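S.K.: dropping the sequence and predicted coords here.
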Amino acid sequence: MKRPFQSLPLVLAGTALVAATYGLVRGAYGLVLPAVQQDLGLSSVDAGVVSGLTSLAYCVAASLSLLTCQRHPRAVVLTAGVAGTLGAAGVAAAPTVGWFAASVVLGSGGAGAVSPALVVLVARAVRGARSAGAQSLVNAGPGPGLVVAGLLALAVGQQWRTAWVVAAVVTALATAWTLHASRHLAAPDEDGHKQEHGEAVDLSPAWIAPALGAFAFGVGSAAVWTYGRTVLQDAGVAPTDAILAWVALGVGAALSAPVAPWLLRRGPHRGWVACLALTAAATVLLAVADDRWTGWAATLLFGLGFNAGTTVLIAYAVQVSRTPGPAASAFFVAALLGQAAGAPLVGRLLETGPGTAFGAAAAATLLGTLSAVTRPRDRTRSREASARVGEPAAQVG
């Protein structure tokens, strides 16, 4: 078994890369949206369409990652990092709405590809009981990324392009760090055997229920991710306080690192229901928030519930497949297809008021809990062992 300190650089580098691609590149779209609408003339409906396109780009990239991450995870990381870097740089230089949209879509594709590859790399590097915590820590990367994005937004004010320059630089550095930290994973293991990096994807009908739940989760979460800051400001919350609400969202996402493993010890099904219920409640709370304290509480709870929910999806992937990287990719694709469908719908419903739009989003989120009724059987071990996210790591690589 590898010593903990040998895998720590990869875990930290992977966390930084997820923070960059999800928090600074993909997740910052809703944060800068009001300033972009003012500078480039992007309407609310068009903003929803762009958000939907970013979700579709995420899905395409994650689908390609599903096919390749098991055999070539480091190549997928490189491709994802380049896409995120170029996308962020393109946003910083965007002179028109079309350029801006294309760059945001490219950067979102980088976020879609990176997570499944990191699931595979972390599973190969960290084995046994420690793998659950390692996967949860890397998956909590959007939290610090969103905190940094929010603080950047406060620092640069209306000069939102500066924040995207920083995002491009950080993404490039995090990509290089991850590739360096994972350079020895193809070496023989301590038993002298080559790791079987060419293992075929282990498909299973048991993927269906988690994927359907993830789709509903995505539909419902699109409201806060796309329009959260805009709704707060329209309710009278000061722009600075609305940005700090995004920082609170990042703090909540970071808190999922210790909370998600605690929930998973009670079973992924109970954890899934708890995460979606928390996310739905936070969505409703944000819709009625008319002061900064309520807004901050709502976004913190949303960040915790949403990010812990994505960690539970990784647990489902471990439970239903011997190749959890591709399975996790499939569930993330389902969630982002849901966001692609949900963002334009919420944009339309906002014309009737945030209560209607965000209430419908919360209801869609709760529909995702129905997937917990079907309990997929573990394909490789007992149900109790499969609930631990990291236990199958020795069989992945």
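M.R.: Nice, thanks for sending it over.

S.K.: so what's V60 closest to, chain neighbours aside?
M.R.: In space, and not counting its chain neighbours, V60 is closest to G109: 6.7 Å by Cβ to Cβ, 6 or more residues apart in numbering. The way it works is simple: take the backbone N, C-alpha and C, and place the C-beta from them, glycine included.

S.K.: can you tell me the SS state at that neighbour?
M.R.: Three-state assignment for G109 (DSSP: H, G, I helix; E, B strand; the rest coil): helix.

S.K.: ok, it touching A83?
M.R.: Yes - with contact defined as Cβ atoms under 8 Å, G109 reaches A83; the gap is 5.0 Å.

S.K.: still on that earlier bit, count of neighbours near the residue nearest to V60?
M.R.: Neighbour count for G109, taken as other Cβ atoms under 10 Å: 29.

S.K.: distance of it from G355?
M.R.: 34 Å (Cβ to Cβ, to the nearest Å).

S.K.: need the pLDDT of the closest residue to Q37 other than its chain neighbours.
M.R.: Nearest residue to Q37 in three dimensions, chain neighbours excluded: A47, at 6.7 Å (Cβ to Cβ, 6+ apart). What the model reports as pLDDT for A47 is 84.

S.K.: so where does A47 fall, helix or strand?
M.R.: A47 belongs to helix 44-68 when assigned by DSSP states H and E.

S.K.: give me the angle between the next helix or strand after that helix and helix 44-68.
M.R.: Using DSSP H and E, the next helix or strand after helix 44-68 towards the C-terminus is helix 73-93. Here helix 73-93 runs at an angle of 160 degrees relative to helix 44-68 (axes from the mean of the first three to the mean of the last three Cα atoms, to 10 degrees).

S.K.: so which elements touch helix 73-93?
M.R.: Where contact means 3 or more Cβ pairs under 8 Å, 6 or more residues apart in numbering; DSSP states H and E, helix 73-93 is packed against helix 4-18, helix 44-68, helix 97-125, helix 160-181.

S.K.: of those, which is nearest A298?
M.R.: Taking Cβ to Cβ, helix 44-68 is the member of those nearest to A298, at 19.4 Å.

S.K.: quick one: the closest one to chain centroid distance?
M.R.: Helix 44-68 has its average C-alpha position 12 Å from the chain's average C-alpha position, going by Cα atoms, centre = their mean, to the nearest Å.

S.K.: low-confidence regions, the stretch 101-250 of the chain specifically.
M.R.: Along the stretch 101-250 of the chain, the model assigns pLDDT under 70 to residues 129, 186-200.

S.K.: so T294 is in which element?
M.R.: helix 292-320.

S.K.: give me the buried stretch members for the helix or strand following that helix, please.
M.R.: Note on helix 292-320: by DSSP H and E, the next helix or strand toward the C-terminus is helix 324-349. Judged by neighbour count using 16 or more other Cβ atoms under 10 Å, the buried positions of helix 324-349 are 324-347, 349.

S.K.: ok, stretch 225-232 next?
M.R.: Within stretch 225-232, the residues that qualify as buried by neighbour count (16+ other Cβ under 10 Å) are W225, T226, Y227, G228, R229, T230, V231, L232.

S.K.: what is the nearest of those residues to A132?
M.R.: Checking these one by one against A132 (Cβ to Cβ), the nearest turns out to be W225, at 26.3 Å.

S.K.: nearest residue to the closest one other than its sequence neighbours?
M.R.: Leaving aside its sequence neighbours, W225 sits nearest to G30 (Cβ to Cβ, 6+ apart; 5.4 Å).

S.K.: the one helix or strand that neighbour maps to packs against which elements?
M.R.: If you go by DSSP H and E, G30 is part of helix 29-40. When contacts are defined as 3+ Cβ pairs under 8 Å, 6+ apart, helix 29-40 packs onto helix 44-68, helix 97-125, helix 142-156, helix 160-181, helix 208-234, helix 239-264.

S.K.: switch the cut-off to 7 Å
M.R.: In terms of contacts (3 or more Cβ pairs under 7 Å, 6 or more residues apart in numbering; DSSP states H and E), helix 29-40 is packed against helix 44-68, helix 97-125, helix 142-156, helix 160-181, helix 208-234.

S.K.: which one of those helices lies nearest to V247?
M.R.: helix 142-156 (3.6 Å).

S.K.: now that closest one: buried residues?
M.R.: For helix 142-156, burial by neighbour count (16+ other Cβ under 10 Å) applies to 142-153, 156.

S.K.: save the residues you listed as CSV, and put in distance to V126 too.
M.R.: CSV is the format used below for these (distance: Cβ to Cβ, whole Å):
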residue, distance to V126
P142, 20
G143, 20
P144, 20
G145, 21
L146, 25
V147, 25
V148, 25
A149, 28
G150, 30
L151, 30
L152, 31
A153, 34
V156, 37
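
S.K.: return the closest of those with respect to T171.
M.R.: The nearest one, if we look at those relative to T171 and count by Cβ to Cβ, is G145, at 9.9 Å.

S.K.: and the nearest residue in space to that closest one that is not next to it in sequence, how far is that from H184?
M.R.: Distances taken as Cβ to Cβ, 6+ apart put G23 closest to G145, at 1.6 Å, once the chain neighbours are dropped. According to Cβ to Cβ, G23 stands 28 Å off from H184.

S.K.: again with P326
M.R.: Taking Cβ to Cβ, one finds P326 at 23 Å from H184.

S.K.: and what of A13?
M.R.: Counting by Cβ to Cβ, the gap from A13 to H184 is 13 Å.

S.K.: the two: which has the busier surroundings?
M.R.: A13 (24 against 10).

S.K.: ok so, going back, just say which of the helices and strands packed on helix 73-93 is most tucked in.
M.R.: Most buried of the helices and strands packed on helix 73-93 by mean neighbour count (mean count of other Cβ atoms under 10 Å) is helix 97-125; its value is a mean of 26.

S.K.: tell me how far that helix lies from the chain's centre.
M.R.: Helix 97-125 sits 10 Å away from the centroid of its parent chain (Cα atoms, centre = their mean).
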